[in-house]
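# have a look at this fold, sequence not included:
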RNA sequence: GAGCCCGUAGCUUAAUGGAUAGAGCAGCGGCCUCCUAAGCCGUUGAUGCAGGUUCGAUUCCUGCCGGGCUCACCA
């Protein structure tokens, strides 16, 4: 093993490895167990203070001594040679904190000489583990609405991030293609449907029929019964009902595919609810065998008194299945087929009670489900403050919003960079990127209020800002003509702003780890914004291409790495990073 | 009524119980004879209310006020 290679390994694993090193240094000096000690290590608010910190408050209590005195004592006790051997240049006591500094030049050199993928290669926490993620899951016979973007993009970004950390990922689109709603649609079709109109504009006409059904049902309650009846016939594989259902599904898929293509979203499996319709009897038999099923008001239910939840309905009084039954079948199917360590459901928070019930039933079938099932709930999307209802046929269409965003991007390009070669392509990347980023930058559980002017804003904390920063760096690299940027140690890297950037780059893998820990892609979005802001400040303060060759190299190596991380991060969010914008 | 979630600046928001509560938008004032001004710098401005736990609370607990969601044959 070469000297350089060993040095690379010394730092590669990012902050997490360095924290462990720090713990090893402190362990002989304090009487705190290793795990606890590790959890106490924190990152100081500014790099001026240090790169890692150990707060001495806990010890103060134990030792009955002022924390700032303890920090001073510990600083003196730490051997400088041992520090150096662990990659630290010095330690300082600042008030009650013991602050550690990395060997910055060396670390910088080593970090910049590896690619993002190499850095992540040491961080494959998911190797040999499978994660199943269910997301997007639109209902057929309805348009793909703007609010569907939440489940779709959160799920896709999570899938990408899990994959980047070495997990094997199964992406499932749990299409809403079964249930009483299709009975209602069939009932409406037989009453008012016209094939010509449906052929002309399938989804619009089907939604029209569905809305009409609900309007009429308010006046004539018998219609509800008619809808349930048609669903029952569909479940019994009535040929006419099945033929129509297949037709409606096919037309829906055509539209969904167009949207997914635009967004860059893909799935490993399209396993809609209908896929499990044949497994209903199995589920009922299984629950019966376990003695979980009870009759209540004519329906078959699993009581969940222990969890203080309402009972979970398995079979309706007319014998038809219900969505909980299909979710049970889906969970069992997924577990048996993929043997995952996690099964995630990216569905908005209004369904949290439903998932609590389903998970509680699964737990009774096999306790393993409690460990692996997780509802990744997210806040619903409001449009200009309002929540749309599909039953009334409201809500913005996603493809209309995307088209508008691309149009806006085109205008801005014509204004700011009219010479750009592939305007159309870039406008698409920027417009759609703006919409996706605007959604993903919000913390998962927050409600997102879609406001046109904010979503189409291309300045500040936006996707285009990140894309712009990326393009700016590539422009620098082109101008310098430096394709091969060779790594070197340089005092520049110790300057506060440069070091802050390097430290941020060094943290990247831990940001991905946090993203999958919290199942929250906004961690990546926020990180990218921070990185951009740092770079843009650097760019404003310093000339990158200068007389001094070594300095130019040092700066370009830094810039190049920033660009790579930006591109990598955007890709995880399913956003393109054009070379020029 | 019960359960769950949320109240941070005019607006949108950040902060594993820790150091000076960090940004963006909007406003005001600066910065392109020089590498993409979709940028940068400066400036005004915030933890709903009352208690409690703690060396330390935006964060944890209790109550109140305000908002959202859900509560058996829809998904």
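Done, it's in. Just so we're clear, the structure is a prediction, and the values are computed from it rather than from any experiment.
# and whichever residue of the stretch 101-250 of chain A sits closest to RNA strand B, its phi and psi?
Residue of the stretch 101-250 of chain A nearest RNA strand B, by C-beta to the nearest atom of the strand: residue A:179 (2.3 Å). Just so you know, the C-beta spots here come from the backbone N, C-alpha and C atoms, and that holds for glycine as well. With angles defined as degrees, to the nearest 10, residue A:179 sits at phi 120, psi 170.
# show me what contacts the nearest residue to it once chain neighbours are set aside?
For residue A:179, ignoring the flanking residues on the chain, the nearest one in space by C-beta to C-beta, 6 or more residues apart in numbering is residue A:323 at 6.1 Å. Contact analysis of residue A:323 by C-beta atoms under 8 Å, 6 or more residues apart in numbering lists A:179, A:273, A:354.
# repeat the analysis, applying 10 Å as the threshold.
A:176, A:178, A:179, A:180, A:273, A:313, A:330, A:351, A:354, A:358 (C-beta atoms under 10 Å, 6 or more residues apart in numbering).
# coming back round to it: run a quick neighbour tally on the residue of the stretch 101-250 of chain A closest to RNA strand B.
By other C-beta atoms under 10 Å, the residues close to residue A:179 number 20.
# next one: residue A:75
Residue A:75, neighbours per other C-beta under 10 Å, totals 16.
# ok, so what distance separates the residue lying closest to it once chain neighbours are set aside from residue A:79?
In space, and not counting its chain neighbours, residue A:75 is closest to residue A:93: 4.3 Å by C-beta to C-beta, 6+ apart. According to C-beta to C-beta, to the nearest Å, residue A:93 stands 16 Å off from residue A:79.
# between the two, which one's more packed in?
Neighbour count, other C-beta under 10 Å: between residue A:93 and residue A:79, residue A:93 has more, with 19 against 9.
# give me the three-state assignment for the more buried one.
Classification of residue A:93 by DSSP: H, G, I helix; E, B strand; the rest coil places it in strand.
# my read is that it contacts residue A:49, right?
No. Counting by C-beta atoms under 10 Å, residue A:93 does not reach residue A:49; the two are 11.3 Å apart.
# intersection of neighbour lists for the two?
residue A:99.
# which residue does the stretch 351-500 of chain A have closest to RNA strand B?
Taking C-beta to the nearest atom of the strand, the stretch 351-500 of chain A has residue A:460 as its residue nearest RNA strand B, at 2.4 Å.
# and that residue, what does it touch?
Residue A:460 makes contact with A:454, A:529 under the criterion C-beta under 10 Å, 6+ apart.
# quick one: which helix or strand includes it?
Per DSSP states H and E, residue A:460 falls between elements, in no helix or strand.
# any idea how far it is from residue A:113?
Applying C-beta to C-beta, the value for residue A:460 to residue A:113 is 34 Å.
# not counting its neighbours along the chain, what's nearest residue A:397?
residue A:143 (5.3 Å).
# next one: phi and psi at residue A:124?
Phi and psi for residue A:124, reported as degrees, to the nearest 10, are phi -80, psi 70.
# swap in residue A:311?
Dihedral pair for residue A:311: phi -60, psi 150, per degrees, to the nearest 10.
# hmm, it is touching residue A:322, no?
No. Using C-beta under 10 Å, residue A:311 is not in contact with residue A:322, being 11.9 Å away.
# anything in contact with each of the two?
A:299, A:300.
# re the thing from before, mind listing what the residue of the stretch 101-250 of chain A closest to RNA strand B touches?
Residues near residue A:179 by C-beta under 10 Å, 6+ apart: A:139, A:231, A:234, A:235, A:273, A:274, A:277, A:320, A:321, A:322, A:323, A:326.
# filter those residues down to the buried ones.
Using 16 or more other C-beta atoms under 10 Å as the burial test, the contacts of residue A:179 include A:139, A:231, A:234, A:235, A:273, A:274, A:277, A:320, A:321, A:322, A:323, A:326 as buried.
# which ones among these also lie next to RNA strand B?
A:139, A:231, A:273, A:320, A:322, A:323 (C-beta under 7 Å from any atom of the strand).
# low-scoring stretches of the stretch 1-150 of chain A, by residue?
A:1-13 (pLDDT under 70).
# so which residues on it come close to RNA strand B?
Going by C-beta under 7 Å from any atom of the strand, the residues of the stretch 1-150 of chain A near RNA strand B are A:39-42, A:44-46, A:49-50, A:53, A:55, A:57-58, A:61, A:94-97, A:99, A:139.
# same deal with the stretch 301-450 of chain A?
A:301, A:310-311, A:313, A:316-318, A:320, A:322-323, A:349-354, A:380, A:387, A:409, A:412-413, A:416-417, A:426, A:430, A:442-443, A:445-449.
# coming back round to it: let me see the contact set for the residue nearest to residue A:75.
A:56, A:67, A:68, A:69, A:70, A:71, A:72, A:73, A:74, A:75, A:76, A:99.
# export these to JSON lines and tack on distance to residue A:468 and secondary structure?
Formatted as JSON lines, the contacts of residue A:93 follow (distance: C-beta to C-beta, whole Å; DSSP: H, G, I helix; E, B strand; the rest coil):
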{"residue": "A:56", "distance to residue A:468": "44", "secondary structure": "coil"}
{"residue": "A:67", "distance to residue A:468": "45", "secondary structure": "helix"}
{"residue": "A:68", "distance to residue A:468": "45", "secondary structure": "helix"}
{"residue": "A:69", "distance to residue A:468": "50", "secondary structure": "helix"}
{"residue": "A:70", "distance to residue A:468": "48", "secondary structure": "helix"}
{"residue": "A:71", "distance to residue A:468": "43", "secondary structure": "helix"}
{"residue": "A:72", "distance to residue A:468": "47", "secondary structure": "helix"}
{"residue": "A:73", "distance to residue A:468": "50", "secondary structure": "helix"}
{"residue": "A:74", "distance to residue A:468": "45", "secondary structure": "helix"}
{"residue": "A:75", "distance to residue A:468": "44", "secondary structure": "helix"}
{"residue": "A:76", "distance to residue A:468": "49", "secondary structure": "helix"}
{"residue": "A:99", "distance to residue A:468": "35", "secondary structure": "strand"}
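# give me the buried subset of these.
Buried, going by 16+ other C-beta under 10 Å: A:56, A:67, A:70, A:71, A:72, A:73, A:74, A:75, A:99, out of the contacts of residue A:93.
# which pair of those residues spans the longest distance?
Using C-beta to C-beta, the two most remote members of the buried ones among the contacts of residue A:93 are A:73 and A:99, lying 14.5 Å apart.
# so where's chain A shaky on pLDDT?
In chain A (pLDDT under 70), the answer is A:1-13, A:386-394, A:482-484.
# quick one, strands of it?
With DSSP state E as the definition, chain A shows strands at residue ranges A:52-55, A:88-94, A:97-102, A:130-134, A:168-173, A:269-270, A:294-296, A:299-304, A:309-315, A:342-346, A:373-376, A:381-383, A:448-450.
# ok, the last one: who's next to it in the sheet?
This points to strand A:448-450. Strand A:448-450 pairs in its sheet with strand A:381-383 (parallel), by DSSP bridges.
# chain center to the partner strand: distance?
Strand A:381-383 has its average C-alpha position 19 Å from the chain's average C-alpha position, going by C-alpha atoms, centre = their mean, to the nearest Å.
# identify the residues contacting that strand?
Here strand A:381-383 has contacts from A:145-151, A:348, A:387-388, A:394-396, A:401, A:439, A:442, A:447-452, A:455, using C-beta under 10 Å, 6+ apart.
# what's the closest non-adjacent residue to residue A:576?
Per C-beta to C-beta, 6+ apart, closest to residue A:576 is residue A:429, 4.0 Å.
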